[in-house]
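# Pasting the sequence and the predicted model now:
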Amino acid sequence: MPLLEIKNLTVSFDTAAGPFMAVQGIDLSIEPREVLAIVGESGSGKSVAMLAVMGLLPNTATVKADRMAFDGIDLLELSSSERRKIVGKDISMIFQEPIASLNPCFTAGFQIEEVLRFHLGMDRAQRRARAIELMKLVGIADPEERLNSFPHQMSGGQCQRVMIAIAIACNPKLLIADEPTTALDVTIQKQILDLLVGLQAKYGMGLIMITHNMGVVAETADRVIVQYKGRKMEEADVLSLFEQPKSNYTRALLSALPENAVGDRLPTISDMLFEPAPSAAATQPAAGAAP
Amino acid sequence: MSVKVLEGKNIVRDYHVGGGLFRPSRTVHAVKGVSFSVDKGKTLAIVGESGCGKSTLARIITLIDPPTAGELFIEGNKVDIARNGLSKEMRRKVQIVFQNPYGSLNPRQKIGDVLGEPLLINTDTPADERRDLAMRMLKKVGLGPEHYNRYPHMFSGGQRQRIAIARALMLNPSLLVLDEPVSALDLSVQAQVLNLLADLQDEFELTYVFISHDLSVVRYIADEVMVMYYGEAVEYGSRDEVFADPKHSYTKTLFAATPRADVASIKARLAKKRAA
């Protein structure tokens, strides 16, 4: 049985100009112990789809799906208080901006312990012991000291580690990482990715990696879904996606990588998206072709 | 013969952090004696992690901040803004494009005014001529005359970065400092902006100082690469030299940390995972 199963998910937002369809009929499923990457540019609906699963979208959003089930539980039928018992415990999420997603008014320790109190009902001594254990697990040096630090006293990488500690505090079955390394330096990015994949393997979590960086996909994923403007363009295992991309869009994304540059100009997506295909990588775009 | 547009000798920049009642003041050495030179029409890339002093160096090169010590030459002339101030002439020669196109454009200023402002401040160009020049520049960066009367919020991130580049080019600078110009952009838009920069460089023989932490972009655009680490240039050489044979241990770490998106490394990773 898949850990998370979504069929025909549609999310629309009410705007002054009528409904805006952010996600249009996405199917998705992830097995336990699997790393799934969702790739797409900003506006492709990759974050919105996952926020819909978490129930974190604002009131202006309308979520519709034929099926949205986590571990056999139908998420569409749940009341918000029942959903709160799952979210943060069995499904948890890491966000893009680590410093902005922690509460600046509370210490790192308080924010980790809050999850343990709410979901697991631990007493104070247990919470503190577990918080220290979690800090060690995510690689924060002298955790006893750091429990009393506020977010502004820590670097971006350390804040992201605290976020990860909060997310894995209750041993979730599914971890959703929404661009976990976009705001971080390359060397820190490597450490955080290694940490996430290491924890995933150690605890047998399912991991959904939302990213726009093809390098991150190549380094972490088992299976990949490529999204564009709210639709799924392609789904494949990671090797065949890079070896033989099937959709034009994926091909365009891969050839826009600077390391794959042919000649002294990069092919751009608008040049090739609607072309028939294979030799697309060879075409030279006109100067700065703007959409 | 190649002309040196920019040369820095032993540039140092210290910041004094004021102490409080119970805390002594201290000095932060942001840049510790960096030397470099860039020829006309070439690109120097400065690579390093946050806090290594690359943006401080960018501010010095752009003549925003004076260096604490060391000499800066632009087109062969020594520039010392701490002593002599900054003339309009100098200001025209160096321009900068910032990282975040959402923050670097005034939301209450129309695009036409954004582009006209550098001319208004630094030259005596009459209004109708400024308008013509702005229109022409819009076309150069891949936008149209219809964008002249729009506000920044009506543009996407990539288009805004084009506007920021257009603004920097209005005064015909010889040196353009690009402070992480594509790191806030999507992959496909990043490719478009990089192409635009390459086209403009060919057309105007521009010299770029390109600051980035993305090695794949640097490898694509740079002629020479300088790697900075804690305020020092730990590696400096031509692109091929640095990428083929990194000498300093930090450069090696940096290369090892960059995610690789080629089939061979995916195969290696999957094989390792299966074995584990």
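Happy to help now that I have it. On a predicted model such as this, the values are computed, not experimentally measured, just so you know.
# Return the residues of the stretch 51-200 of chain A in contact with chain B.
Proximity of the stretch 51-200 of chain A to chain B, by CB under 8 Å from any CB of the partner chain, involves residues A:156, A:185-190, A:193. Quick note: C-beta positions are derived from backbone N, CA and C, even for glycine.
# For those, which entry has the maximal number of neighbours?
Using other CB atoms under 10 Å in any protein chain shown as the neighbour criterion, A:Q189 leads those with 24 neighbours.
# Any stretches of chain A with poor pLDDT?
Within chain A, the segments meeting pLDDT under 70 span A:260-264, A:268-291.
# which residues in it form strands?
With DSSP state E as the criterion, chain A has strands at A:4-15, A:18-30, A:35-39, A:61-64, A:67-70, A:73-74, A:91-94, A:174-178, A:206-211, A:223-228, A:231-237.
# Rebuild those strands as TSV, extending it with mean neighbour count.
Shown next, in TSV, are these (neighbours: other CB atoms under 10 Å in any protein chain shown):
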stretch	mean neighbour count
strand A:4-15	18
strand A:18-30	17
strand A:35-39	26
strand A:61-64	16
strand A:67-70	20
strand A:73-74	12
strand A:91-94	25
strand A:174-178	24
strand A:206-211	26
strand A:223-228	23
strand A:231-237	18
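# Quick one: closest of these to B:G158.
Smallest distance to B:G158 across the strands of chain A (CB to CB): 15.9 Å, for strand A:223-228.
# With chain A as the reference, measure out to B:A127.
Relative to chain A, B:A127 is positioned 27 Å away (CB to the nearest CB, to the nearest Å).
# residues in contact with that residue?
B:A127 makes contact with B:G116, according to CB atoms under 8 Å, 6 or more residues apart in numbering or on different chains.
# for B:S174, same thing?
Contacts for B:S174 (CB under 8 Å, 6+ apart) come out as B:5, B:40, B:75, B:93-94, B:206-207.
# Go again with 7 Å.
B:S174 is in contact with B:5, B:75, B:93, B:207, counting by CB atoms under 7 Å, 6 or more residues apart in numbering or on different chains.
# May I have stretch A:228-239 exported as PDB, CA atoms only?
The C-alpha trace of stretch A:228-239 is given here as PDB (Å, rounded to 0.1, in the frame of the first residue of the first chain):
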ATOM      1  CA  TYR A 228       5.000  22.600 -15.200                       C
ATOM      2  CA  LYS A 229       2.200  25.200 -14.800                       C
ATOM      3  CA  GLY A 230       0.200  22.900 -12.400                       C
ATOM      4  CA  ARG A 231       0.400  19.800 -14.600                       C
ATOM      5  CA  LYS A 232       2.500  16.800 -14.500                       C
ATOM      6  CA  MET A 233       4.800  16.600 -17.500                       C
ATOM      7  CA  GLU A 234       6.700  13.400 -16.700                       C
ATOM      8  CA  GLU A 235       7.200  10.800 -14.100                       C
ATOM      9  CA  ALA A 236      10.200   8.500 -14.200                       C
ATOM     10  CA  ASP A 237      12.900   6.900 -12.100                       C
ATOM     11  CA  VAL A 238      15.900   9.200 -11.700                       C
ATOM     12  CA  LEU A 239      18.200   7.400 -14.000                       C
END
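# Identify the residues contacting it?
The set of residues external to stretch A:228-239 that reach it, using CB under 7 Å, 6+ apart, is A:21-27, A:40, A:43-45, A:217-218, A:221-227, A:245-247, A:249-250, B:263, B:266-267, B:270.
# so how far is it off the chain centroid?
Distance of stretch A:228-239 from its chain centroid, counting by CA atoms, centre = their mean, to the nearest Å, is 15 Å.
# How about stretch B:238-254?
In terms of CA atoms, centre = their mean, the centre of stretch B:238-254 is found 21 Å from the chain centre.
# check whether it contacts chain A.
Yes. Using CB under 7 Å from any CB of the partner chain, stretch B:238-254 reaches chain A at B:253-254.
# Endpoints of that stretch, how far apart?
With CA to CA, to the nearest Å applied, stretch B:238-254 spans 17 Å between its terminal residues.
# what comes up buried for that stretch?
Burial within stretch B:238-254, assessed by neighbour count using 16 or more other CB atoms under 10 Å in any protein chain shown, is assigned to B:239, B:242-243, B:246, B:248, B:250-251, B:254.
# Could you dump these into CSV with pLDDT and secondary structure added?
What follows is those, written out as CSV (pLDDT from 0 to 100; DSSP: H, G, I helix; E, B strand; the rest coil):
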residue, pLDDT, secondary structure
B:R239, 91, helix
B:V242, 91, helix
B:F243, 89, helix
B:P246, 90, coil
B:H248, 92, coil
B:Y250, 90, helix
B:T251, 90, helix
B:L254, 88, helix
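# Out of those residues, flag the one nearest to chain A.
Chain A has its nearest neighbour among these in B:L254, at 6.3 Å by CB to the nearest CB.
# Let me see the contact set for the closest one.
By CB under 7 Å, 6+ apart, the contact list for B:L254 reads A:186-187, B:215, B:227.
# Do I have it right that B:Y229 meets B:C52?
Yes. Here B:Y229 reaches B:C52: they are 5.7 Å apart, a contact under CB atoms under 7 Å.
# Neighbours of the closest residue to chain B within the stretch 151-291 of chain A, how many?
Nearest to chain B in the stretch 151-291 of chain A, going by CB to the nearest CB, is A:G215, at a distance of 2.9 Å. Look at A:G215: counted by other CB under 10 Å, it has 21 neighbours.
# quick one: it and B:A257 touch, right?
No. A:G215 lies out of contact with B:A257 (CB under 7 Å); the separation is 10.4 Å.
# got the residues of chain B near chain A?
Residues of chain B lying near chain A (CB under 7 Å from any CB): B:49-50, B:141-143, B:186-188, B:191-192, B:194-196, B:198-199, B:213, B:216-217, B:219-220, B:253-254, B:257-261, B:263, B:265-267, B:269-270.
# Can you classify B:R23 by secondary structure?
Here B:R23 is recorded as coil under DSSP: H, G, I helix; E, B strand; the rest coil.
# again with the one 10 residues further on
Look at B:G33: counting by three-state DSSP, its state is strand.
# List the contacts of it.
If you count contacts by CB under 7 Å, 6+ apart, B:G33 has them with B:10-12, B:70.
# Most proximal residue of chain B with respect to chain A?
Nearest residue of chain B to chain A, counting by CB to the nearest CB: B:P259, 2.9 Å away.
# so A:A108 touches A:P143, yeah?
No. If you go by CB under 7 Å, A:A108 and A:P143 don't touch, sitting 9.3 Å apart.
# Looking at those two, which one has more neighbours?
Ranked by neighbour count (other CB under 10 Å), A:A108 and A:P143 place A:A108 first, with 28 against 20.
# coming back round to it: how about the strands of chain A in a markdown table, adding distance to B:L176?
What follows is the strands of chain A, written out as a markdown table (distance: least, CB to CB, whole Å):
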| stretch | distance to B:L176 |
| --- | --- |
| strand A:4-15 | 38 |
| strand A:18-30 | 37 |
| strand A:35-39 | 32 |
| strand A:61-64 | 42 |
| strand A:67-70 | 50 |
| strand A:73-74 | 56 |
| strand A:91-94 | 37 |
| strand A:174-178 | 34 |
| strand A:206-211 | 30 |
| strand A:223-228 | 33 |
| strand A:231-237 | 36 |
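# Now do the helices in the stretch 101-250 of chain A.
Counting by DSSP state H, counting those that start in this stretch, one finds helices in the stretch 101-250 of chain A at the ranges A:108-115, A:124-137, A:143-146, A:156-168, A:186-203, A:214-220, A:238-243, A:248-255.
# So which elements touch the fourth one?
Applying 3 or more CB pairs under 7 Å, 6 or more residues apart in numbering or on different chains; DSSP states H and E, we find helix A:156-168 packed against strand A:91-94, helix A:98-101, helix A:108-115, helix A:186-203.
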